[in-house]
Every structure is written in structure tokens, then in C-alpha cells.
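Colleague: Here's a sequence, model it:
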Amino acid sequence: MDDENKELMHEILKERTAEAHRLRPDLSKMIAARMRGHLIYLDGEVWRYVDNDEPTVETHGQRPCGQCGEHRTPEGHDPCIGTLPGVMNACCGHGNAKEAYVQIDSSRDLRGSRALNYFKIYGRHVP
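Modeller: Residues are numbered from 1 along each chain as shown. The predicted model follows:
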């Protein structure tokens with residue numbers, strides 16, 4: 001990972017932690033992040049959802065996207081973008097444009113607003 005992407009990931013982690021602490025002051029010493037648009041926190045051993053304290057490992061497959069409210073496609077893709085032709089991996093960002101990406105092949109990817117523009121052209125829809 002290059003320095004620009006490391007800095008971006010650090011910024012995102014700081015934002016998520018601050019957001020979780022505003023919603024749940026009792027989590028002030030916990031590390032927070034997002035999983036498919038849902039705030040999560042590390043309780044020291046297990047990642048849990050902020051809204052109900054359920055372990056993510058047990059229920060992440062049943063939860064819809066925290067942004068658009070839709071469940072994954074049968075193929076496991078983000079519902080708002082669907083199946084993209086010629087793409088290895090993609091993520092809509094689940095409400096955070098900074099986290100959106102499209103991996104076209106092992107040497108080419110699009111991130112952030114460039115990925116969102118790609119989805120608008122080739123995907124189903126982006127909220």
C-alpha cells in the first residue's frame with residue numbers, strides 16, 4: 001500500500017472512531033470502523049455492531065447494506081452496483097465515497113469519485 005492510501009485509511013479509521021464515540025460514549029476507548037455501511041467496534045477481542053452489540057462474524061451475511069438498505073446479490077456483490085463486467089473486485093463505499101473502489105485487474109484500479117463515476121456508467125445505481 002502506498003503512502004497516499006495509508007494516509008487515507010488512517011483518516012477513515014479516525015473518522016469512524018469519532019463517529020462511534022459520538023453515538024456510544026461508553027465505547028470511548030474502543031477502536032471503531034465500518035462494515036458494509038454499519039458502524040462496528042472492537043471490544044478487545046471481537047468486532048461488534050455499535051447499534052446492537054452483536055458480533056459481526058455471526059450476522060454480517062444477513063445484514064443489508066447500511067447505506068442503501070439492500071441485501072447482497074446472489075453472487076455476493078454490492079446491490080447498488082450489481083455485477084460489473086470485467087471487474088475483479090468492487091465496493092460502493094457504503095455511503096463513504098473515499099472507500100469506493102473498482103479493481104479492474106491486478107495493476108489497475110479506480111478509487112473514490114472515479115469509482116463512483118464508473119458505477120454510474122456500468123453499474124445498477126449508486127445512492
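
Colleague: how close does the residue nearest the centre of the chain sit to P25?
Modeller: In the chain, the centroid-proximal residue (CA atoms, centre = their mean) is R36; its distance is 4.2 Å. The gap separating R36 from P25 is 24 Å, by CB to CB, to the nearest Å. All C-beta spots, glycine's among them, are computed from the backbone N, C-alpha and C.

Colleague: one step back: let me see the contact set for the residue nearest to the centre of the chain.
Modeller: 60, 63, 65-66, 94 (CB atoms under 8 Å, 6 or more residues apart in numbering).

Colleague: repeat for R124
Modeller: Contacts of R124 by CB under 8 Å, 6+ apart are 79-82.

Colleague: Using the three-state scheme, assign it.
Modeller: Recorded secondary structure, R124: coil (DSSP: H, G, I helix; E, B strand; the rest coil).

Colleague: if I look at H94, how far off is G44?
Modeller: Applying CB to CB to H94 and G44 gives a distance of 25 Å.

Colleague: swap that for I81, please
Modeller: Distance, I81 to G44, using CB to CB: 35 Å.

Colleague: the more surrounded of these two?
Modeller: I81 (26 against 8; other CB atoms under 10 Å).

Colleague: Doesn't that one lie inside a helix?
Modeller: No: going by three-state DSSP, the assignment for I81 is coil, not a helix.

Colleague: Just give the nearest non-adjacent residue to it, would you?
Modeller: Among residues not flanking I81 along the chain, G123 sits closest, at 3.6 Å (CB to CB, 6 or more residues apart in numbering).

Colleague: so how many other residues sit close to that neighbour?
Modeller: G123 has 21 nearby residues by other CB under 10 Å.
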